[in-house]
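**Q** pasted the sequence and its predicted model underneath.
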Amino acid sequence: MKFFNREKEINEILHILEGEPNLIYFIYGPINSGKSTLIREIITNKLDKSKYIPFFIDFRTRNVLNVDNFIECLFEVDEKSKVDDFREYAKSLADLLINGSEELSKYYLGAPIKIPKSLFDKIFTKKDKSGDVYQYIEYLFAKLNEKGKTPILIFDELQMIKGLTLNGNRLVLWSLFQFLVALTKVQHLCHVFCLSSDSLFIEYVYNTGELEGRARYILIEDFDKETSLIFMDFLAKELLKSELSKEQKELIYSYVGGKPIDIYYIINEMRYKELEDILNEVLNDSIQKLDMLLNKLDYITPKISIESEIIEIKKEDVVNALKLFKTKYEIDKKAISTPVYIYLIKENILFLNPQKGILKPQSYLVWNAIKRVV
């Protein structure tokens, strides 16, 4: 499917890239709002390839529980290289990327950082691994800068590294973001973008990494209503080879709102199902998931840790919090106790906008389920 819309966000990110690297940018938004699709569209089709080289670190399929897991995600090991000196290898890799070879084309499709096997093996034999890791990356990026290229370092699904903090590796997280600050604000060697739907973890990283004045947020929301209706017309033409009526579009929006992936699913299913059946199916699925969550609270008492204090989550408090959304799509986070809204965010029921302090359901489907269940 062709990429749709997001011109405002694309222009904002391209404007950032045109300037000197100076900040870490957190690209965040509700689940399936299109964050990864947006950044891949920019990498593939919008970048001036004579200026930039992207390095794409995708944590999507990994639950990073320790330092070794983290390092494995950063790199693509060059098994064929016989080079022992990382500086020599970094220089040769920089030359390959500068000359527009096949090697370069991989990076515009989303590739991690290439590393010689000898250095990779050496890193894993050391107790303190991060020093060699960061030294190699810094040297490679410096060489690219010398040749007139600006690296772009992208971490997708950043929340997958939260396991580092759960296993007592907070220092690793701190050192990573101090290194990223050095790459951006101090040395201006590369642009850094961190993508995540977990706004709680982004807040944690912001505080743990001591990023005040060193980082900014870019919010990728679901589509507004006007854009959603245009998107439906676009999809109907692409998938159905026909048009939707105004009534059909309004009905779809009333169920799934502006969630791109939900709109796509509905219209794609219309190729062989009735619209009303599809909408009832997806809504019932959302209702059942919420109902199961609430039923579980009859037997299990979840616990949330806040500043070393363990707080139990009661079903009554969860239900009362959800009732606030029966008439409103957005509420101030102060209206719900912190442990309860943290629990609902962790369960992918609510989404927090940390810049505005606003809570809302993860999607219109979830909102519709809340209104019917509580």
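**A** Cool, the structure landed.
**Q** for the most centrally placed residue in the chain, what are its contacts?
**A** In the chain, the centroid-proximal residue (C-alpha atoms, centre = their mean) is residue 196; its distance is 2.6 Å. Residues in contact with residue 196 (C-beta atoms under 8 Å, 6 or more residues apart in numbering) are 26-28, 35, 157-159, 202. Glycine gets a C-beta too; all of them are placed from N, C-alpha and C.
**Q** save those residues as CSV, and put in pLDDT too.
**A** Shown next, in CSV, are those (pLDDT from 0 to 100):
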residue, pLDDT
26, 95
27, 95
28, 93
35, 91
157, 90
158, 89
159, 87
202, 88
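**Q** now, which of these lie within helices?
**A** 35, 202 (DSSP state H).
**Q** residue 18: which of the contacts of residue 196 is nearest?
**A** residue 27 (17.2 Å; C-beta to C-beta).
**Q** count of neighbours near the closest one?
**A** Residue 27: 24 surrounding residues under other C-beta atoms under 10 Å.
**Q** which residue ranges of the stretch 101-250 of the chain form strands?
**A** Along the stretch 101-250 of the chain, counting by DSSP state E, counting those that start in this stretch, strands occupy 113-116, 150-156, 191-196, 215-219.
**Q** can you list those strands in CSV and add mean pLDDT and distance to residue 356?
**A** Converted to CSV, the strands of the stretch 101-250 of the chain look like this (pLDDT from 0 to 100; distance: least, C-beta to C-beta, whole Å):
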stretch, mean pLDDT, distance to residue 356
strand 113-116, 89, 35
strand 150-156, 95, 24
strand 191-196, 96, 17
strand 215-219, 93, 9
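**Q** now the ones you listed in TSV, with distance to residue 299?
**A** As requested, the strands of the stretch 101-250 of the chain are exported to TSV (distance: least, C-beta to C-beta, whole Å):
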stretch	distance to residue 299
strand 113-116	46
strand 150-156	36
strand 191-196	31
strand 215-219	37
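**Q** look at the residue located most distally from the centre of the chain and tell me its secondary structure.
**A** Here the chain reaches farthest from its C-alpha mean at residue 82, the gap being 35.9 Å by C-alpha atoms, centre = their mean. When classified by DSSP: H, G, I helix; E, B strand; the rest coil, residue 82 comes out as coil.
**Q** give me the pLDDT for it.
**A** On pLDDT, residue 82 comes in at 80.
**Q** and it, what is it in contact with?
**A** Listed by C-beta under 8 Å, 6+ apart, the contact partners of residue 82 are residue 118.
**Q** again with the one 3 residues further on
**A** Neighbour list for residue 85: empty [criterion: C-beta under 8 Å, 6+ apart].
**Q** so how far is residue 139 from it?
**A** Distance, residue 85 to residue 139, by C-beta to C-beta, to the nearest Å: 11 Å.
**Q** residue 11 and residue 42, how far apart?
**A** Residue 11 is 10 Å from residue 42, by C-beta to C-beta.
**Q** of the two, who's got more company?
**A** A direct count of neighbours by other C-beta under 10 Å for residue 11 and residue 42 places residue 42 higher, at 22 against 11.
**Q** next up, the contacts around the more buried one.
**A** Contacts of residue 42 (C-beta under 8 Å, 6+ apart): 10, 13-14.
**Q** neighbour-wise, which one of those residues leads?
**A** Neighbour max across the contacts of residue 42 (other C-beta under 10 Å) = residue 13, 22 neighbours.
**Q** wait, doesn't that one sit right on residue 216?
**A** No - with contact defined as C-beta atoms under 8 Å, residue 13 does not reach residue 216; the gap is 11.4 Å.
**Q** just to revisit the earlier point, from residue 137, how far off is the residue farthest from the centre of the chain?
**A** Applying C-beta to C-beta to residue 82 and residue 137 gives a distance of 21 Å.
**Q** ok, which stretches of the stretch 151-300 of the chain are helices?
**A** Under the criterion DSSP state H, counting those that start in this stretch, the stretch 151-300 of the chain carries helices at the ranges 163-166, 170-181, 199-208, 225-235, 246-256, 260-269, 275-296.
**Q** list the buried residues in stretch 91-111.
**A** 91, 93-94, 97-98, 104, 107-108, 110-111 (16 or more other C-beta atoms under 10 Å).
**Q** now do that stretch, average pLDDT.
**A** Rounded mean pLDDT across stretch 91-111 is 79.
**Q** first to last residue in it, what's the distance?
**A** In stretch 91-111, first residue to last residue: 18 Å (C-alpha to C-alpha, to the nearest Å).
**Q** residue 12: which element?
**A** helix 7-18 (DSSP states H and E).
**Q** and residue 2, what pLDDT?
**A** 58.
**Q** so which elements touch the helix or strand of the chain with the lowest mean pLDDT?
**A** Within the chain, no helix or strand scores below helix 163-166, which has a mean of 70 by mean pLDDT, DSSP states H and E. Secondary-structure packing of helix 163-166 (3 or more C-beta pairs under 8 Å, 6 or more residues apart in numbering; DSSP states H and E): helix 67-74, helix 170-181.
**Q** quick one on the thing from earlier: which neighbours do residue 13 and residue 216 share?
**A** Common neighbours of residue 13 and residue 216, using C-beta under 8 Å, 6+ apart, are residue 25.
**Q** who touches residue 185 in this structure?
**A** 22-23, 214.
**Q** again, but for residue 144
**A** For residue 144, the contacting residues are 53, 94, 97-98, 150-151, by C-beta under 8 Å, 6+ apart.
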